[in-house]
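In: Fold the following.
(one chain, ligands or ions: 1)
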Amino acid sequence: MVEDTDIDDIIEEDVGNIMNVITTDGYYLQAQVVKVSCPACGEEFLGTKRHAGGFIAGHRAFHEFENTRDTIVESMGGI
Ligand SMILES: [Zn+2]
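Out: Residues are numbered from 1 along each chain as shown. Purely as a prediction, here's the structure:
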């Protein structure tokens, strides 16, 4: 029997557990709780794989943006 859990109630001890997670964007059945950290800045995320994917993609986009911005500024002879 897989338990229903609200996304707000997930804690570190839940990592690796399979649960039905209720979130604002839907109901994730048999979702595994994962913990990931961003290799670029070390920020950590705890939640479902679906949300971890968003976290990773968001950080990748953000850090790429930062790097690109620096490169553009440098190429223009800036700071
Ligand atoms: Zn990051």
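In: what residues are up against Asp6?
Out: By Cβ atoms under 8 Å, 6 or more residues apart in numbering, the contact list for Asp6 reads 21-22. In this view, the C-beta of every residue, glycine as well, is placed from N, C-alpha and C.
In: List the beta-bridge partners for it.
Out: Beta bridges link Asp6 to Ile22, judged by DSSP bridges.
In: Which pLDDT value goes with it?
Out: At Asp6, the model reports a pLDDT of 96.
In: can you list the residues of the protein near the ion?
Out: Neighbours of the ion within the chain, by Cβ under 5 Å from the ion: 38, 40-41, 43, 59.
In: how about a cut-off of 6 Å?
Out: 38, 40-41, 43, 59, 63 (Cβ under 6 Å from the ion).
In: which two in the residues you listed are spaced the farthest apart?
Out: Taking every pair in the residues of the chain next to the ion and measuring Cβ to Cβ, the maximum separation is 10.5 Å, between Glu43 and His63.
In: hang on, the earlier thing: considering the residues of the chain next to the ion, which possesses the most neighbours?
Out: With neighbours taken as other Cβ atoms under 10 Å, the top of the residues of the chain next to the ion is His59, carrying 18 neighbours.
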